[in-house]
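Novice: Just need the structure, nothing else, for what follows:
(chains A and B)
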Amino acid sequence: MSELIEFEEEEFTTKFNGQTLRRLAQLLLPYKWWVVGFLLTVMAVSGLDSYFTYLSAQITDQAIMEQNLEALYAYLVQYGLLIIVQSVFVFAFIYLAGILGERIRYDLRKKLFHHLQELSLPYYNRTPVGWIISRVTSDTDRVAELVTWGLLDVTWSTFNILTALFFMWRINWQLTLIIMLIVPIIIVVATLFQRKIIVQYREVRKINSKITASYNETITGVRVIKALDREDANLQEFGQLTGEMYRAGYRAAWFSALFLPAVQLIASMATISVVIYSGVTAGTNDISIGGIQAFISYILFIIWPVQERARVFAEMQQAVASGERIFSLIDAVPDIVDKPGATDPGTLRGEIVFDHVDFFYEEGKPILADFDLTVTAGETIALVGPTGGGKSTIVNLLCRFFEPKGGQITIHGMDYTDMTQHGIQSRVGIVLQTPHLFSGTIRDNIRYGRLDATDVEVEAAARLAGADEFIQRLEKGYDEQVGEGGVLLSTGQKQLISLARAVLANPDIFIMDEATSSVDTLTEALIQRGMDNLMEGRTSFVIAHRLSTIRNADRILVIEDGRIAEAGSHAELLASGGHYYRLYTQQFRQELVDQFDPYAELFQDEAEVVEVVDAVAPSNGKVHETVLAPGD
Amino acid sequence: MALLPRFYEYSGGSIRLDGEELRDYPRHYLRREIGIVEQEPFLFSRTVRDNITYGVGRHVSDEEVFAAARAAAIHDVILSKLPDGYNTLVGERGITLSGGQKQRVAIARTLLKDPRILILDDSTSSVDTETEASIRTALSTLMKGRTTFIIAHRIQSVMNADLILVLEHGRIVQRGTHNTLVAQAGMYRRIYLAQTRMEAELEEELNRVGIN
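Specialist: Coordinates of the predicted model:
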């Protein structure tokens, strides 16, 4: 789809969006006391950390230098007690951060999942699955990190710097001034470096995803590439990509290697100036040994938050961008909403009318234009015609997965947009071409049709749908796992289960999209029986691919280019010799190819042997290759 | 058919091309001279134009591309149905073409490549009548003057061939033209009879509803 392009992962916005920040803060509102407790403990821990260094200076100066044992004991007791308090605080803030993170994640994911259930099919049609999944998973993770560890980082480092400065000031204000001159230099240098590093790493990631895509494509297309002798050209293109990757990676490594030494160099200049200043002014000022020691510790205290500032800031930007993306999903409005005052129709049995219906998925590309169709209750309609002609659209509109852009659809004389979506969709049974099964047992999957059905009802539905036979043959019967998406079952079996699901739901309207892929003859017969049972007395629409279904329909509509090219019964349409005649004869030939078994006539008296051969040589015709050589 | 372009090496015997052992030809040469049209061709996430010129290995003018596309009966489709014409992105990250359209893009690609030998996987899956007809026309343009191998499952696809080989379990069980093969007992006649019988049934049904 061409509109996919706009969904390519957007670059992180560089500005903090005030609105997003406010909405992020609102996420914390229900837990405000937790947040307050969290921030207070973080501040306490950070303050105590600074105080410990100050205390060490006191111990050096007043106990050790003075050789005062009593003072030493007093200080040590104080130190010990504070360490215990500190451990409690450390426990508390890690615990609180963990809890807060989980709560936010839980809230966001619940909200998103709930919202996704509300959104209509058009949204899913234009939105790639990966886009949605990354919002529900990695983006919620990032936001949860932001409101816990990100908040922690900021509070911690700010408070660290403030308390360190406070104690430094108490030790010696002149020295503090010198440090405050050097710190801005570190900030500038560190920010410069980290910006460059971040830019390079983003570049690396971007190229990396291109490389992955390129790998994927050249591996899946390997046959074509070899056949077209494209290896050298591909190698060149790939070499270009990896070359870019190498250069970006190299630059990132270069900057990373320079970064730490540069910051450390400037930091040691700060330390040196402390030492020189104390040496020069020795005797004339009141700075003590412990004071100098503490001062040097404080410098290291300040350096870390300062040098990491740019990284933390970038991470927070990403998290805020994640927040923006989450909110963009939450703000998506369902395309189809119940009108105020919409009612539950009670039943959908009645005449269905498409009245001058217009529809398009993309502006300017009409799928249906001025489409009219009247279906009486209980009729079976077969929709046939070329792919892309509009068959699926008709069915989608009928289910109200999409709504007409013009005209209206009425059921029993009532515009269906005046009904609730639930009222319609709970009374429509659909069997898709490749039915989707959910992981779980067969029983679970059938019960999906009506959640309060008893086991007896489930099995009765399966019998009616013709699914019972194959289910009974499975080792665990109804309790057999179907695997993710039903991978353990064949398409035919999935359709049978899907039919049973529809039987259980007891719908007023039945819709079936027949499988195009060949289903083995036995399963096919079962599906046919199940369909006949379901269509009995119900208005049914079948997107038909099999001749038997087409022949048995009350009315056949040939849909081409969004209109009904022909309509009538099988015999009428054949007799008219138009589109249907061509489609039918083509389909007839196709079916004969699909069903032809070159061995059948050899063994027609020995039924058992036929079965064995069938297993070895499935009748899709792949066993006999006909090769010929015309031309010059 | 995978042995001819040397996708795999043959383990015994000999395959000769113009009297020379196939093994002695460089693989690149063989693959340049052999064109393959698969039943469900793979398109790359590039523009339609890039997909048509993919593997030609030289600069191609717009006129050449258009001519190839016209011969493959896809030119009009590209211009009228695709949003950006020849610059429309197709494949995994672009728009999805139908099976018939993909096949015709592949035919255009092969025409442009101008190989001397052609391999067609002609098990036309369920495409509508119109598409099938245009694919047939495109294919016969392609086959003109080239040695062609057709892998087929239907009598109609091979009836006009100069030589039909019926393969079973890796052996040639029958060889000949349509007329000779229909005359002898064997798999080909079984397939033929089954098909004619079904055709007769169809005929009968058509007669029943009162046409023909």
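Novice: Find me whatever residue is spatially closest to the residue in chain B positioned nearest to chain A, sequence neighbours aside.
Specialist: Nearest residue of chain B to chain A, counting by CB to the nearest CB: residue B:55, 2.6 Å away. Any C-beta I mention is one placed from the backbone N, CA and C, and that applies to glycine too. Spatial nearest neighbour of residue B:55, excluding adjacent residues (CB to CB, 6 or more residues apart in numbering or on different chains): residue A:228 at 2.6 Å.
Novice: What ranges does chain B have for its strands?
Specialist: Secondary structure of chain B by DSSP state E: the strands cover B:16-17, B:20-21, B:34-37, B:117-121, B:147-152, B:164-168, B:171-176.
Novice: So what touches the first one?
Specialist: Contacts of strand B:16-17 from elsewhere in the structure, counted by CB atoms under 8 Å, 6 or more residues apart in numbering or on different chains, are B:22, B:25, B:30.
Novice: Tell me the residue of the stretch 301-450 of chain A that sits nearest chain B?
Specialist: For the stretch 301-450 of chain A, CB to the nearest CB, closest residue to chain B: residue A:386, 3.8 Å.
Novice: ok, that residue to residue A:349 distance?
Specialist: Distance, residue A:386 to residue A:349, using CB to CB, to the nearest Å: 32 Å.
Novice: Between those two, which has more neighbouring residues?
Specialist: residue A:386 (21 against 17; other CB atoms under 10 Å in any protein chain shown).
Novice: quick one: which helix or strand includes that one?
Specialist: In this structure, residue A:386 sits in neither a helix nor a strand according to DSSP states H and E.
Novice: And the pLDDT for it?
Specialist: The model reports residue A:386 with a pLDDT of 76.
Novice: Assess the claim that it and residue A:560 are in contact.
Specialist: Yes - if you go by CB atoms under 8 Å, residue A:386 and residue A:560 touch, sitting 6.3 Å apart.
Novice: beta partners of the residue most central in space within chain B?
Specialist: By CA atoms, centre = their mean, the mean C-alpha position of chain B lies nearest to residue B:120, the distance being 3.0 Å. Here residue B:120 shows beta-bridge partners residue B:37, residue B:150, assigned using DSSP bridges.
Novice: picking up where we left off before, list the contacts of the residue of chain B closest to chain A.
Specialist: A:224-225, A:227-230, B:109, B:113.
Novice: repeat that with 7 Å
Specialist: By CB atoms under 7 Å, 6 or more residues apart in numbering or on different chains, the residues touching residue B:55 are A:228-230, B:109, B:113.
Novice: Take these and keep only those in helices.
Specialist: B:109, B:113 (DSSP state H).
Novice: most neighbours, which of the contacts of strand B:16-17?
Specialist: residue B:30 (19 neighbours).
Novice: Isn't that residue up against residue B:6?
Specialist: Yes - using CB atoms under 7 Å, residue B:30 is in contact with residue B:6, at 5.6 Å.
Novice: Check what pLDDT the nearest residue to residue B:115 once chain neighbours are set aside gets.
Specialist: Counting by CB to CB, 6+ apart, the nearest residue to residue B:115 once its immediate chain neighbours are dropped is residue B:35, at 3.6 Å. pLDDT recorded at residue B:35 is 87.
Novice: Also residue A:518?
Specialist: pLDDT at residue A:518 comes out at 58.
Novice: repeat for residue A:6
Specialist: pLDDT, residue A:6: 38.
Novice: now residue A:617
Specialist: 35.
Novice: swap in residue A:275?
Specialist: So residue A:275 comes in at 85 (pLDDT).
Novice: Ok, residue B:198 next?
Specialist: Residue B:198 is given a pLDDT of 75.
Novice: Just give me the neighbour total for it.
Specialist: 17.
Novice: coming back round to it: relative to residue A:214, which of the strands of chain B is closest?
Specialist: strand B:34-37 (22.7 Å; CB to CB).
Novice: Mind listing residues that contact the closest one?
Specialist: A:227, B:4-5, B:103, B:106-107, B:110, B:113, B:115, B:117-121.
Novice: please redo it, this time with the cut-off set to 8 Å
Specialist: Residues contacting strand B:34-37 (CB under 8 Å, 6+ apart): A:227, B:1, B:4-5, B:103, B:106-107, B:110, B:113-121, B:139, B:142, B:146.
Novice: Repeat that for stretch A:349-361.
Specialist: A:122, A:125, A:366-378, A:393-394, A:397-398, A:402, A:404-413, A:508-509, A:539.
Novice: Try it again at 6 Å.
Specialist: By CB atoms under 6 Å, 6 or more residues apart in numbering or on different chains, the residues outside stretch A:349-361 that reach it are A:366-377, A:404-412, A:508.
Novice: For the closest residue in space to residue B:25 that isn't next to it in sequence, list each beta-bridge partner.
Specialist: Excluding the flanking residues, the one nearest residue B:25 by CB to CB, 6+ apart is residue B:17, at 6.5 Å. Residue B:17 forms beta bridges with residue B:20, as assigned by DSSP bridges.
Novice: give me the number of residues near residue B:17?
Specialist: Residue B:17, neighbours per other CB under 10 Å, totals 15.
Novice: Roughly how far does it sit from residue B:27?
Specialist: Applying CB to CB, the value for residue B:17 to residue B:27 is 13 Å.
Novice: List the buried residues for the longest helix seen in chain B?
Specialist: Longest helix of chain B, by residue count under DSSP H: helix B:187-208. Across helix B:187-208, burial judged by 16 or more other CB atoms under 10 Å in any protein chain shown covers B:187-192, B:194-195, B:198, B:205-206.
Novice: That helix and chain A, are they touching?
Specialist: Yes - using CB under 6 Å from any CB of the partner chain, helix B:187-208 reaches chain A at B:187, B:190, B:194, B:198, B:202.
Novice: Low-confidence regions, the stretch 151-300 of chain A specifically.
Specialist: A:283, A:285 (pLDDT under 70).
Novice: Name the residues of it found near chain B, please.
Specialist: A:217, A:221, A:224, A:227-230.
Novice: how does it look with 8 Å?
Specialist: A:213, A:217, A:220-221, A:223-230, A:233 (CB under 8 Å from any CB of the partner chain).
Novice: for these, which one is nearest chain B?
Specialist: Distances from chain B to those, taken by CB to the nearest CB, are shortest for residue A:228, at 2.6 Å.
Novice: pretty sure that closest one is touching residue B:113, no?
Specialist: Yes - using CB under 8 Å, residue A:228 is in contact with residue B:113, at 7.0 Å.
Novice: give me every residue that touches the closest residue in space to residue B:1 that isn't next to it in sequence.
Specialist: Once flanking residues are discounted, residue B:1 sits nearest to residue B:119: 5.2 Å by CB to CB, 6+ apart. Residue B:119 makes contact with B:1, B:4-5, B:34-37, B:148-149, B:151 under the criterion CB under 8 Å, 6+ apart.
Novice: which sections of the chain are below the confidence cut-off?
Specialist: No chain specified, so I'll use chain A. For chain A, the ranges with pLDDT under 70 are A:1-17, A:283, A:285, A:516-521, A:589-632.
Novice: my question was about chain B
Specialist: Short version for chain B, where the test is pLDDT under 70: B:92-94, B:122-132, B:153-154, B:209-212.
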